[in-house]
Each structure stands twice: as structure tokens, then as C-alpha cells.
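1. the following comprises the amino acid sequence and a computationally predicted model.
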Amino acid sequence: MGNTKSMHFMKSYSSEKKRRYSKMRTSYPKISIVIPVANDHLIVRCIKSVDMGDAEIVVVLNGASLEFDQYIQNLQERDKRIVIYRLPYRGIGAARELGCQKAKGEYLIMMDSDCEFEQDCIKKLVTGLKNVDFSKGDVIYRANSFETKLVAKARGTHSSSVQNVYTPLLAFKKSVIDKIGGYYFSTKIPWTEDHELAQRVVRRNLRVAVIASAIGYHKPTTIKNDLSSAFNYGIGYNIGIRSNLTRPSFLYGGAHSLIASLFYDLYRTTRIPHYIKSISQEFGILTALYMTLWMCVFSFGYYLGYLEGGGKQ
């Protein structure tokens with residue numbers, strides 16, 4: 001069914017693209033949209049939402065199937081803004097880094113394949129970079145059921161914080177690499193690569209503008225899929241810490257050894273009642289309980305990372 005819907009979009013792609021983008025050529029310096037993707041056909045919606053006709057759309061295939069690779073090539077034939085790069089394995093950090101390094105734009109915007117730009121979002125993100133190092137838009141999770149509404153509410157509690165310089169809807173100049181340690185995203189971290197970037201941004205006191213009117217939409221996400229992401233994030237967080245890239249924090253726990261992590265998290269559990277109370281006061285008890293569950297699954301992934309890594313520091 002997903003392929004059928006995607007083909008429907010592709011058939012109408014060329015005519016709609018000409019209509020939407022013919023009058024959208026701008027005087028802005030070159031903009032590159034970086035989109036890592038494995039086998040997600042929703043990327044066609046993402047690309048269609050790029051409302052700047054002279055933007056470069058950098059699609060990085062990481063561990064994609066041959067069938068999906070051909071699908072993207074077919075899409076490229078209809079939209080010449082698309083350039084394709086490939087990684088033989090899956091890893092969001094490596095995919096984003098490859099896309100940023102290869103991008104030809106002066107301005108880079110990080111996007112996910114399952115998200116869409118609202119009209120003028122890209123323009124607002126670029127304009128927001130006038131006097132700062134990074135600009136961040138607001139990601140709104142769509143919802144069509146009770147559980148997707150719960151996930152949307154939980155995700156919305158932190159998506160626009162200045163401290164959370166997370167993807168998608170993260171924009172910066174390509175030249176910012178000189179301020180953040182010589183790389184954009186660590187190729188060693190498969191998940192939470194943006195968290196590690198956010199830590200570097202904060203440590204270097206770089207300026208971040210949160211552009212509330214620069215809006216993007218994430219597909220409806222089930223609890224199962226969201227908790228699966230939490231699990232993967234925990235693994236990525238563990239890899240980042242053991243690689244001496246990510247620094248442990250009280251919110252997510254962790255330390256540079258398994259024993260230290262266990263003792264630190266034992267202390268963190270004493271703060272769970274306060275955490276639930278704080279979240280529930282603003283977002284409701286159900287959201288607070290779900291976010292607590294999310295953090296537990298995250299921690300499970302984190303400790304599994306030690307098992308897979310042999311418990312090494």
C-alpha cells in the first residue's frame with residue numbers, strides 16, 4: 001500500500017513542482033536540505049514540501065535496499081534538485097555527516113524523511129541565522145489516535161528548547177564546522193548524534209535562535225515505534241559516552257563505566273517522584289507517566305549497549 005501511494009505522488013510530481021517552484025527562485029545563498037533515509041517512502045512527501053526551487057536536496061541512502069535506491073533514482077529524474085549519496089550500512093550520524101560534507105550550500109538544513117516542511121519554514125530558518133550560529137524550528141507531531149496524541153504531547157515537551165539543538169529542522173551555516181570541533185555529526189554514533197552536537201554547541205556558547213514560526217510536521221507515531229526509538233537512543237547514548245564524545249547528564253544518566261552508571265542511576269531513581277510531579281503540573285499525569293516509561297526504555301537500551309560493547313569504557 002505504501003508503494004502505491006508513493007507512486008501516486010510521483011506521477012503528479014513534475015507538473016506540481018513546476019507550478020509551485022517556478023516563482024520561488026530567491027536571492028538567498030545556496031541552501032542544502034540534508035535528508036538521511038533507509039527505505040522510507042514518505043520521503044516523497046518530505047521532498048515535495050521543499051518550497052524553494054533552487055535548493056539542493058541531499059538524499060543520503062544509508063543501508064537502503066536496491067529497490068529503494070532505484071525508487072530514489074526515479075524520483076531524481078523528476079526533480080533535478082536531488083543529489084544522492086550512499087552508505088552501505090545504517091547509521092544516522094554517519095549519514096548526516098556525509099550529507100553535510102558533500103552539500104554545496106552555504107546554509108544547511110537537517111531534515112528527516114518522515115517529516116514535512118510547512119510553507120516558508122525553510123526561508124524562516126535561513127533568515128533566523130542572520131546573527132546566530134544555529135536556528136531551530138518547531139516540530140509538531142501529527143496525531144490520529146489516542147496513543148499518537150500521547151506521543152505527540154510527550155515529544156512536544158522539549159522539541160523547541162534552546163538546549164535541545166536536535167534534528168530535524170536544524171539549520172546552520174556550513175562554515176560553522178570551524179566552531180564545533182571540525183565535524184558536524186559523529187560517524188561513530190548511530191543514534192543521538194544530534195544530542196552530542198547539542199552538547200558541543202552549549203559548551204562553546206554558540207548562539208541558537210528558536211524560530212517558533214518555522215514549523216515542520218512529523219508523521220503520527222505509535223507508542224511502540226516511539227519506545228523503539230527510545231531504546232535505540234539509549235544504545236546511541238551509550239556508544240557516545242564510551243567513545244568519549246557524549247558527556248553524561250543527569251536527565252539521561254550514564255557514566256564512563258558500567259559500575260559508575262549503575263550508582264548514578266540508582267541516585268537518579270530517587271528523583272523520579274519529583275520528575276513526575278514537575279511534568280504532570282504542566283502536561284498532565286498521563287504524559288508524565290509515559291515520559292517516565294520512555295526514560296526507562298531509554299535506560300534499558302543504554303545498558304544493553306554495555307553488553308554489546310563488552311562492558312568496555
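-> Yes, it's here. All of these numbers come straight from a predicted model, not from anything done at the bench.
2. any low-confidence regions in this protein?
-> Across the chain, the ranges flagged by pLDDT under 70 are 1-29, 159-163, 309-313.
3. closest to the centroid, which residue in it?
-> residue 167 (3.1 Å; CA atoms, centre = their mean).
4. for it, which non-adjacent residue is spatially closest?
-> Leaving aside its sequence neighbours, residue 167 sits nearest to residue 110 (CB to CB, 6 or more residues apart in numbering; 4.1 Å). Yep, even glycine has a C-beta here, placed from its N, CA and C like the rest.
5. do residue 105 as well
-> Closest to residue 105 by CB to CB, 6+ apart is residue 32, at 3.2 Å.
6. please report phi then psi for residue 134.
-> Main-chain dihedrals, residue 134, degrees, to the nearest 10: phi -140, psi 150.
7. residue 47 and residue 41, how far apart?
-> 11 Å (CB to CB, to the nearest Å).
8. need the overlap of contacts for the two.
-> Jointly contacting residue 47 and residue 41 under the rule CB atoms under 8 Å, 6 or more residues apart in numbering is no residue at all.
9. the more surrounded of the two?
-> Ranked by neighbour count (other CB atoms under 10 Å), residue 47 and residue 41 place residue 47 first, with 26 against 21.
10. three-state assignment of the more buried one?
-> At residue 47 the chain is in helix, as set by DSSP: H, G, I helix; E, B strand; the rest coil.
11. ok, it touching residue 76?
-> No. With contact taken as CB atoms under 8 Å, residue 47 and residue 76 are classed as non-touching, separated by 9.8 Å.
12. between these two, what contacts are shared?
-> residue 82.
13. give me the longest strand you can find in the protein.
-> strand 208-218 (DSSP state E).
14. got the contact list for the next helix or strand after that one?
-> Next along the chain after strand 208-218, taking DSSP states H and E as the criterion, comes helix 223-242. For helix 223-242, the external contacting residues (CB under 8 Å, 6+ apart) are 93, 147, 150-151, 154-155, 186, 188-193, 195-196, 246-248, 252, 254-256, 290, 293-295, 297-306, 308-309, 312-313.
15. what residues sit buried inside the following helix or strand past helix 223-242?
-> Using DSSP H and E, the helix or strand that directly follows helix 223-242 along the chain is helix 258-269. For helix 258-269, the neighbour count (16 or more other CB atoms under 10 Å) marks 258, 261, 265, 268 as buried.
16. spatially nearest residue to the third one, not counting backbone neighbours?
-> Excluding its sequence neighbours, the residue lying closest to residue 265 (CB to CB, 6+ apart) is residue 253, at 4.8 Å.
17. tell me what the one you found is bridged to.
-> Residue 253 has these beta-bridge partners by DSSP bridges: residue 249.
18. contact partners for it?
-> Taking CB under 8 Å, 6+ apart, one finds 261, 264, 265, 268, 299, 302 in contact with residue 253.
19. now do the same contact list for the fourth one.
-> Listed by CB under 8 Å, 6+ apart, the contact partners of residue 268 are 250, 253.
20. can you give the distance of the helix or strand containing residue 33 from its chain's centre?
-> Taking DSSP H and E as the definition, residue 33 sits inside strand 31-37. Taking CA atoms, centre = their mean, to the nearest Å, one finds the center of strand 31-37 at 11 Å from the center of the full chain.
21. name the residues of stretch 78-91 that are buried.
-> 79, 81, 82, 83, 85, 87, 91.
22. how long is it end to end?
-> Start and end residues of stretch 78-91 are separated by 27 Å (CA to CA, to the nearest Å).
23. now do it: distance to the chain's middle.
-> With CA atoms, centre = their mean, you get 17 Å for stretch 78-91.
24. now do the residue nearest to residue 169 when sequence neighbours are not counted against residue 210, distance only.
-> Of all residues not flanking residue 169 in the chain, residue 137 sits nearest, at 3.3 Å (CB to CB, 6+ apart). Using CB to CB, residue 137 is found at 8 Å from residue 210.
25. tell me which of those two has more neighbours.
-> residue 137 (27 against 18).
26. just say helix, strand or coil for the more buried one.
-> strand.
27. test my guess that it contacts residue 216.
-> Yes. Assessed by CB under 8 Å, residue 137 is found in contact with residue 216 at 5.7 Å.
28. no further questions, thank you.
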